[in-house]
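Student: Fold the stuff below for me.
(one chain, ligands or ions: 1)
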Amino acid sequence: MTQRRKVVDVVAAVIVQPDGRFLLARRPDGKPYAGYWEFPGGKVEAGESLLHALARELHEELGIEVKHAYPWLVRHFDYEHASVKLHFFRVVAWTGEPHGKEGQLLAWQTPGSVDVIPLLPANGPILNALELPAILAISNIAEMGEEPFMASFASALEKGLRLIQLREKSLSPLELERVAQRFVALARPYGAKVLINADVRLAEATGADGVHLPSSALMSLEARPQIGLVGASCHSSDELARAVELGLDYVLLGTVLPTRSHPGGPALGWDAFAALIGDYPLPVYALGGMSPTHLETAWSAGAHGIAMLRGAWSGRSGLNPTKATG
Ligand SMILES: Nc1nc2c([nH]c(=O)n2[C@H]2C[C@H](O)[C@@H](COP(=O)(O)OP(=O)(O)OP(=O)(O)O)O2)c(=O)[nH]1
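Tutor: Residues are numbered from 1 along each chain as shown. Presented below is the predicted three-dimensional model:
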């Protein structure tokens with residue numbers, strides 16, 4: 001019989017600058033995986049809260065004081081030396097200039113082009129998650145009409161939108177293909193990613209960046225579709241668990257707040273939303289009744305960001321370019 005190993009709680013800080021760059025540190029000699037690059041942090045001590053451990057580790061290792069941190073992803077990993085539960089936080093405000101107080105090298109890195117190696121094996125998915133923008137916009141040609149929508153889309157790209165899902169249920173397959181090609185052509189010069197709702201073939205045919213699975217597809221698929229980015233819509237812990245089993249890149253979770261299309265419909269509210277994703281390893285976008293003003297609340301609840309349908313195109317608060325980046 002194999003013996004269950006004790007799980008060690010670890011806090012890890014993704015210290016992010018307003019431009020999206022984040023800090024990695026090189027593990028000092030004498031530790032397991034010495035020389036590997038990691039997010040600053042360390043083991044939680046007995047009786048210590050996660051936030052306290054985070055503040056203590058960053059003070060000890062980097063000489064900074066944490067001012068504002070959001071809970072983010074939680075990931076289990078089995079090393080030969082330990083079984084760890086990694087609690088990642090995004091640290092967005094601090095005082096002091098980070099410096100390697102234990103002699104460790106530090107390096108600011110750009111999402112998508114990390115230039116230090118090797119990285120701790122548990123951290124691959126975390127680096128992928130950091131490439132995802134905080135705002136995911138969902139198309140709304142159905143209500144706005146194609147040309148007004150495309151004008152709003154172009155303006156949102158100018159303001160920093162970098163992730164859009166094409167979801168237009170009333171278009172014919174031919175129209176959908178034409179519109180998907182327009183999306184890809186418009187998004188490409190900005191390096192923005194286009195996700196196609198449900199249809200892997202259409203995503204491949206148009207050179208889109210990936211697919212977004214409705215929850216029915218999520219629950220019936222045997223394996224992750226073989227295409228760049230894959231996410232899914234979730235409404236329950238079972239669906240959230242299935243997204244992890246399939247190795248997806250992100251999920252949408254809702255409905256968080258009542259929406260215009262379902263004003264009296266059941267909504268999770270922020271507390272239930274936060275409880276559902278409390279120990280969750282994938283980036284989660286809050287969905288349902290979102291506008292850019294909800295981003296901060298979503299982050300506080302542990303979300304990676306927000307997904308918006310009408311809120312993305314209303315032009316009221318606009319998309320903030322720095323906040324639109326993860
Ligand atoms: N700090 C940190 N640890 C990580 C990351 N990814 C990852 O798998 N780990 C693992 C490596 C270690 O097994 C564990 C952290 O333990 P540690 O030995 O660095 O903790 P510590 O600083 O408290 O060290 P010590 O008290 O044992 O000297 O978590 C990461 O990004 N940052």
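Student: of all of this structure, which residue lies closest to the ligand?
Tutor: Using C-beta to the nearest ligand atom, G42 is the residue of the chain that sits closest to the ligand, at 2.7 Å. C-betas here are computed from N, CA, C, even on glycine.
Student: tell me which element the spatially closest residue to that residue that is not a sequence neighbour is part of?
Tutor: Residue nearest to G42 in three dimensions, not counting chain neighbours: E57, with 4.5 Å by C-beta to C-beta, 6 or more residues apart in numbering. Per DSSP states H and E: E57 is located in helix 50-62.
Student: Which neighbouring elements make contact with that helix?
Tutor: strand 7-15, strand 22-26, strand 41-43, strand 65-78, strand 83-95 (3 or more C-beta pairs under 8 Å, 6 or more residues apart in numbering; DSSP states H and E).
Student: Columns mean pLDDT, distance to V211 and mean neighbour count on top of these, output as a markdown table?
Tutor: Putting those into a markdown table (pLDDT from 0 to 100; distance: least, C-beta to C-beta, whole Å; neighbours: other C-beta atoms under 10 Å) gives the following:
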| stretch | mean pLDDT | distance to V211 | mean neighbour count |
| --- | --- | --- | --- |
| strand 7-15 | 98 | 27 | 22 |
| strand 22-26 | 98 | 27 | 21 |
| strand 41-43 | 98 | 34 | 19 |
| strand 65-78 | 98 | 22 | 17 |
| strand 83-95 | 98 | 26 | 18 |
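Student: closest to C234 out of those strands?
Tutor: Among the helices and strands packed on helix 50-62, strand 65-78 comes nearest to C234, with 15.3 Å by C-beta to C-beta.
Student: Run me through the strand neighbours of the closest one, direction for each.
Tutor: strand 83-95 (antiparallel) (DSSP bridges).
Student: Go through the next helix or strand after the strand it pairs with and flag the buried ones.
Tutor: Toward the C-terminal end, the helix or strand that comes next after strand 83-95 (DSSP H and E) is strand 106-109. Within strand 106-109, the residues that count as buried by 16 or more other C-beta atoms under 10 Å are L106, Q109.
Student: Now strand 106-109: average pLDDT?
Tutor: Across strand 106-109, the average pLDDT comes to 98.
Student: if I look at the residue of the chain closest to the ligand, how far off is N123?
Tutor: Per C-beta to C-beta, to the nearest Å, G42 is found 14 Å from N123.
Student: and what of Q165?
Tutor: Using C-beta to C-beta, Q165 is found at 27 Å from N123.
Student: Go ahead and confirm H76 touches K85.
Tutor: Yes: counting by C-beta atoms under 8 Å, K85 is a contact partner of H76 at 5.4 Å.
Student: Quick check: neighbours shared by these two?
Tutor: Residues touching both H76 and K85 by C-beta atoms under 8 Å, 6 or more residues apart in numbering: V7.
Student: Distance from stretch 97-110 to the middle of the chain?
Tutor: Averaging C-alpha positions (C-alpha atoms, centre = their mean, to the nearest Å) puts stretch 97-110 24 Å from its chain's average.
Student: Between the two ends of that stretch, how far is it?
Tutor: Taking C-alpha to C-alpha, to the nearest Å, the first and last residues of stretch 97-110 lie 18 Å apart.
Student: Name the residues of it that are buried.
Tutor: Neighbour-count burial for stretch 97-110 flags P98, Q104, L106, Q109 (criterion: 16+ other C-beta under 10 Å).
Student: which of those residues are close to the ligand?
Tutor: Among these, no residue sits close to the ligand (C-beta under 6 Å from any ligand atom).
Student: which residues touch the most centrally placed residue in the chain?
Tutor: In the chain, the residue lying closest to the centroid (C-alpha atoms, centre = their mean) is P283, at 3.5 Å. Counting by C-beta under 8 Å, 6+ apart, P283 touches W72, L73, A129, L132, D249, Y250, V251, H304, G305.
Student: try 6 Å
Tutor: Residues in contact with P283, defined by C-beta atoms under 6 Å, 6 or more residues apart in numbering, are A129, L132, Y250, H304.
Student: ok, how many other residues are close to the third one?
Tutor: Neighbouring residues of Y250 were enumerated by other C-beta atoms under 10 Å; the total is 24.
Student: From A267, how far off is it?
Tutor: From Y250 across to A267, the span is 21 Å (C-beta to C-beta).
Student: now the second one
Tutor: With distances defined as C-beta to C-beta, the gap from L132 to A267 amounts to 24 Å.
Student: Can you pick out the residue with more neighbours from the two?
Tutor: A direct count of neighbours by other C-beta under 10 Å for L132 and A267 places L132 higher, at 23 against 18.
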